[in-house]
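Q: Generate a structure from the sequence data that follows.
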Amino acid sequence: MSEPPLLVLTGPTASGKSGRALEVAFRFREKGLQPEILSADSAQVYRGMDVGTDKLLPAERQGIPHRLIDLVEPDQDFSAAQWAAAAREALARLAAEHQPAILVGGTGFYLRALLRGLFPGPAADHALRAQLEKEAELKGVPALHDRLREVDPISANRIHPNDLVRIVRALEVFELTGEPLSRHFERQPRTALAGFRVLRLGLELPRPELYRRINQRVEIMLAKGLVEEVKGLRAKGYGPELKSQKIIGYRQVHGYLDGDHDLSRTKELIQRDSRHYARRQLTWMRGEPEIRWLNPDSDPESLWSLIRPLF
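A: I've put the predicted structure just below:
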């Protein structure tokens, strides 16, 4: 029996991945198959964080099962390795049932963890981490990010200047091994997920159009009640110090609720940081030569013509 196929649909935020994935799923439905969409989005794993992560509501999923969302509470840690394990379990089940799997998302680290494996790295050095976190407390997280840029500019381009956890880990790896984290990743073999035939498609829009869609989506999120969602999270004890609350959108709204800026500035900050994030996503994805790129606004037949031979 031939290896089961796996479609991976990726691209930067607001590039239209969810809509395209549903189109493909309905094509499979027309052929009598029962496809499932598996989310590769590190923000959508958190329960109760729906508006700011742009999760499709149950009615919007139109009967297509969506998996790997709502896996943990906002105060629980969740790693790329845990997500990859959950994804492998879901893929094994679908393969046994001879049903299509559509893996959709823009979290490049999650996709790499599944498709290529993770660099295990040295064990955590808690004393070093405490030292780096203290430095961030005294000088600010962006200052620590500047330090990372000096020793590992590739990782610095992929990690947000306020992402303390990833910055600390990247610096920790450099201090303990003498080599940048990005170099360790480069040495990983570029092998496909064992047991599957993988097709990786990326959605990319002209930059002005992508930015227009990002800005519009932020306005829609705010209109849908992003501020109210964050208020509800705070009422449950999920404060801005949590990793989940440092996600773009949530971080800025927490700042608004704490009086750091007004609502107009909140919108501007979310839009700006989302645009920056999209650029980092594209930088990461451009380093993955297996991805075949297409415009999400192209004729649906163009997308389907690439997928049909796989299945």
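Q: for the stretch 151-300 of the chain, which spans come out with low pLDDT?
A: Within the stretch 151-300 of the chain, the ranges that satisfy pLDDT under 70 run 187-193.
Q: Show me where it has its strands.
A: Secondary structure of the stretch 151-300 of the chain (DSSP state E, counting those that start in this stretch): strands located at 197-203, 292-294.
Q: from those strands, which stretch is densest packed?
A: Most buried of the strands of the stretch 151-300 of the chain, by mean neighbour count (mean count of other C-beta atoms under 10 Å): strand 197-203, with a mean of 20. The way it works is simple: take the backbone N, C-alpha and C, and place the C-beta from them, glycine included.
Q: now the helices for this protein?
A: 17-30, 80-97, 108-115, 126-139, 141-151, 153-158, 164-177, 181-186, 207-224, 226-235, 250-257, 263-286, 300-307 (DSSP state H).
Q: Burial check on L68, number of neighbours?
A: L68: 22 surrounding residues under other C-beta atoms under 10 Å.
Q: Contacts only, for D70.
A: Applying C-beta atoms under 8 Å, 6 or more residues apart in numbering, we find D70 in contact with 44-47.
Q: Return the member of those residues nearest to L199.
A: Q44 (22.4 Å; C-beta to C-beta).
Q: isn't L210 right up against A278?
A: Yes. Applying C-beta atoms under 8 Å as the test, L210 and A278 come out as touching, 6.2 Å apart.
Q: Give me the common contacts of those two.
A: Here L210 and A278 have 12, 14 as joint contacts, going by C-beta under 8 Å, 6+ apart.
Q: ok, back up a step: would you list the strands of the stretch 151-300 of the chain in a markdown table and tack on distance to R29?
A: Formatted as a markdown table, the strands of the stretch 151-300 of the chain follow (distance: least, C-beta to C-beta, whole Å):
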| stretch | distance to R29 |
| --- | --- |
| strand 197-203 | 19 |
| strand 292-294 | 22 |
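Q: Can you check which of these gets nearest to L144?
A: L144 lies closest to strand 197-203 among the strands of the stretch 151-300 of the chain, at 31.0 Å (C-beta to C-beta).
Q: can you list contacts of that closest one?
A: Counting by C-beta under 8 Å, 6+ apart, 2-12, 15-17, 20, 115, 192, 285, 288, 290-296, 303, 306-307, 310 sit against strand 197-203.
Q: Buried among those? Make that a ChimeraX selection.
A: Buried residues within the contacts of strand 197-203, by 16 or more other C-beta atoms under 10 Å, are selected in ChimeraX with:
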select :4,5,6,7,8,9,10,11,12,15,16,17,20,115,285,288,291,296,303,307
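Q: Return the set of buried residues in stretch 271-282.
A: Within stretch 271-282, the residues that qualify as buried are 271, 273-275, 277-278, 280-282, counting by 16+ other C-beta under 10 Å.
Q: could these be laid out in JSON lines, adding distance to R93?
A: Formatted as JSON lines, the buried residues of stretch 271-282 follow (distance: C-beta to C-beta, whole Å):
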{"residue": "Q271", "distance to R93": "39"}
{"residue": "D273", "distance to R93": "36"}
{"residue": "S274", "distance to R93": "34"}
{"residue": "R275", "distance to R93": "37"}
{"residue": "Y277", "distance to R93": "32"}
{"residue": "A278", "distance to R93": "32"}
{"residue": "R280", "distance to R93": "33"}
{"residue": "Q281", "distance to R93": "29"}
{"residue": "L282", "distance to R93": "32"}
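Q: Pull the most distant pair out of those.
A: Once C-beta to C-beta is applied, those give Q271 and L282 as the farthest pair, at 17.0 Å.
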